[in-house]
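Trainee: Sequence and predicted structure are below.
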Amino acid sequence: MIAQRLEVKTLPSKVLSIILFLMTVVLFSALIFHFGVALKASHVLAKGGELTFQENYFKNHKITSLTGEWAFFERQLVEPHNIQNLLSDATLIQGTGGWSLNNSTRDSVLGYGTYHLKVHLSDSDLNLALQIPKVETAYKLFLDEKLVASAGVVATSVEKGVPEFKPTIVIIPKHTESFSLTIQVSNFHSAWGGLWSPIVLGNTDSIYSVQRDLVALSMFIIGALVVTTAFYLIQYYFRPDEKIPLAFVCLCLIFLLREFTAEHMYFVLQYFSIGYSAALKLNYLTFYLGVLNVLYFMHLCFPRVFNINISRFFYVIGISYSLFILFSPVELIGYSLMSYQLFSFIVMLYILINMLVANVTKQPTAKMMTFSAVVLSLFAINDILYANNILDTGPFFNMGIVGFIICQSYVINQRFNSVISNNEALSMQIQQSNSELQLLGAELENKVELRTKQLEKANFELDKLARSDKLTGLLNRHGLHPYLQRAFDNSKQDFEPFCIVLYDFDNFKYINDSYGHDLGDTVLINGAKILKGTIRKQDKLARWGGEEFLVYLPSTDLVGAMAIAEKLRLAIENMQINQGDVNIPVTITGGVAELEPEDTFEALFKRADNALYKGKSLGRNCIQN
């Protein structure tokens, strides 16, 4: 009845939550369209080092990428005024995707060269600008013969070259009918050389508008990450034993730092005097550590689904890559990217498979957590394929971050709703109990005897519970104490020998860590049943604590106790515990001690405990005295 009333009460809020979530999805999709389609540059392919735009082209296209065939002078830093004289010696190269040089260095991306492109405009009355992306790793850009932009120091050797990432915007003078772009580039510090991203030409307002929109998107994402980080830090403050909020805080901080490594956010890094090397390593580290942190976060949320050994294997690989990035020279770290992208794809596949298992086993919040993992994985895969020129969609990972945060917010809301519903149910139960108490007060005289009997029964049950182990149903220390006390009293009057056997399940921590605490409990329960069924009627068995069990053998000398202890050991050794198709071996090690004159229980137990540890040191699964 209470559950039905709560269901009716919470139905409107659930419907409202679904509507708001769908509205968020629609807005999120609109953002993806805007930043993925509306801001995407069109392509015009240059041929033979020249590019001609048709009349009114820029009325229909706001921005366009200058791709196609550029003239290229390998291992030459040609000045603009010498280009025409040497143009016949130039080769043709794509104006995007970097270069592959035929030189004597240890890698084809290290070296220098000059790009050249002649651009013809059909309309000279245009306000155009060039958006220059980051160039690997130093450049000088000439508009006709005028130097208009540069980054780092372009040189012919690694000793003279200075790397720098410096995206910028160059204004094309009005009334320009044609212009030449000459770009001297050198790379001695990166695994990616030359013009990797295309130069974009378009209306000046459109170029700046795109930059403003991208910065606004980054600031929105940074704000969302800051708020989310603060919220989870508050959760961790009030629940310091809970690791999930702290793991999500670390994940948000990694995403936050990564957002500053985007091209349009380099001005922030420059403001804090973060140079080329630090910026490049930060970009790689946030990617490498982000993959590990996502795996760790999902593992914490579903510890019963994720295999700890497989996860640790991934952690070791990811940390090794991260240490390589941290301590290697910047010119080498780029060579790890392709293999780590493959590794990250495997990790994402591992996460999605485990989330599928979590859904099949109906783990709490598994559906939304799976959806968030799918969203983040899809956007990450898109960025990996885009970075390798397999897709032409654009970088969307920051949008995936937003989607992930939205999904996690929904999960948090579900948890809060569950807590609130439980509180409301408890409140209704208290109200109902108060009503019953008022009714009982009116009929108190007629029910005193009944309540007294119930109290006596409850006291009996409490006493029974106090003497019994909740998990196995065996005696606990308190329950075994009267039998031991009686045995010691009898030994003082008429010395009668007895023995105790202290058992410990072997490698029990490994069983818990590898197969879960549920299987560990099964081992203890089944083991207790076997031990109880194997001992004699006069013997007493108690769970002493954790995986330790104590057997009291009255009127038994050491030889007899060793025989009984060995019988119990063999019974446990033959016990069948299965995890799927795998048979889990379970063994015990025992220590036997016989009562000696003037013994105290502490001395007797100490000898049994020493014998137990002697058996452990001899390889386990044995009985010692």
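Mentor: In hand now; what should we look at?
Trainee: show me where the stretch 401-550 of the chain has strands.
Mentor: 498-505, 540-545, 548-554 (DSSP state E, counting those that start in this stretch).
Trainee: And for the last one, what's in contact with it?
Mentor: This points to strand 548-554. 474, 480, 483-484, 487, 496, 498-504, 527-528, 531, 535-536, 538-544, 560-561, 564-565, 568 (CB atoms under 8 Å, 6 or more residues apart in numbering). Bear in mind the C-beta positions are built from the backbone N, C-alpha and C, glycine included.
Trainee: Tell me what angle the helix or strand just after that strand forms with strand 540-545.
Mentor: Next helix or strand after strand 548-554 toward the C-terminus (DSSP states H and E): helix 558-573. Relative orientation of helix 558-573 and strand 540-545, computed by axes from the mean of the first three to the mean of the last three CA atoms, to 10 degrees: 60 degrees.
Trainee: Arg536: how many residues sit nearby?
Mentor: By other CB atoms under 10 Å, 11 other residues sit near Arg536.
Trainee: Likewise for Phe73?
Mentor: 22.
Trainee: in what helix or strand does it lie?
Mentor: Assigned by DSSP H and E, Phe73 belongs to strand 63-74.
Trainee: can you tell me the average pLDDT over that strand?
Mentor: Per-region confidence: strand 63-74 scores 92 on mean pLDDT.
Trainee: Who are the packing partners of it?
Mentor: strand 42-46, strand 91-94, strand 111-120, strand 200-203, helix 204-238 (3 or more CB pairs under 8 Å, 6 or more residues apart in numbering; DSSP states H and E).
Trainee: which one of those lies closest to Val330?
Mentor: Comparison of those against Val330 by CB to CB identifies strand 111-120 as nearest, at 16.6 Å.
Trainee: still on that earlier bit, now which of the contacts of strand 548-554 would you call buried?
Mentor: By neighbour count, with 16 or more other CB atoms under 10 Å, those hold 474, 480, 484, 487, 498-504, 527-528, 531, 535, 539-544, 561, 564-565, 568 as buried.
Trainee: Could you check the pLDDT of the nearest residue to Arg467 once chain neighbours are set aside?
Mentor: Leaving out its chain neighbours, the residue that sits closest to Arg467 by CB to CB, 6 or more residues apart in numbering is Gly479, at 3.3 Å. If you check Gly479, the pLDDT there is 90.
Trainee: for Ala30, same thing?
Mentor: 68.
Trainee: Count the residues that sit near the residue nearest to Arg467.
Mentor: As a burial measure, Gly479 scores 19 neighbours (other CB under 10 Å).
Trainee: Hmm, it is touching Lys470, no?
Mentor: No. The pair Gly479 / Lys470 is not scored as a contact, 11.9 Å apart, by CB atoms under 8 Å.
Trainee: just to revisit the earlier point, check contacts around the residue nearest to Arg467.
Mentor: By CB under 8 Å, 6+ apart, Gly479 lies in contact with 466-468, 542.
Trainee: okay, who's weakest in these by pLDDT?
Mentor: Across these, the smallest pLDDT goes to Ala466, namely 76.
Trainee: since we're on that one, how many residues are nearby?
Mentor: With other CB under 10 Å as criterion, Ala466 counts 10.
Trainee: Just to check, it is in contact with Arg477?
Mentor: No. Applying CB under 8 Å, one finds Ala466 not in contact with Arg477, separated by 10.7 Å.
Trainee: lowest confidence element among the helices and strands of this protein?
Mentor: helix 2-33 (a mean of 62; mean pLDDT, DSSP states H and E).
Trainee: Of the strands of the stretch 401-550 of the chain, which is nearest Pro80?
Mentor: That would be strand 498-505 among the strands of the stretch 401-550 of the chain, by CB to CB, at 81.1 Å.
Trainee: tell me the contacts of Asn102?
Mentor: 74, 108.
Trainee: Closest one to Leu385 out of the contacts of Gly479, please.
Mentor: Nearest member of these to Leu385, counting by CB to CB, is Ser468, at 61.2 Å.
Trainee: Contact partners for the closest one?
Mentor: Ser468 neighbours (CB under 8 Å, 6+ apart): 474-476, 479.
Trainee: can you put those in JSON lines and add distance to Ser122?
Mentor: Below are the contacts of Ser468 laid out as JSON lines (distance: CB to CB, whole Å):
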{"residue": "Leu474", "distance to Ser122": "93"}
{"residue": "Leu475", "distance to Ser122": "97"}
{"residue": "Asn476", "distance to Ser122": "93"}
{"residue": "Gly479", "distance to Ser122": "97"}
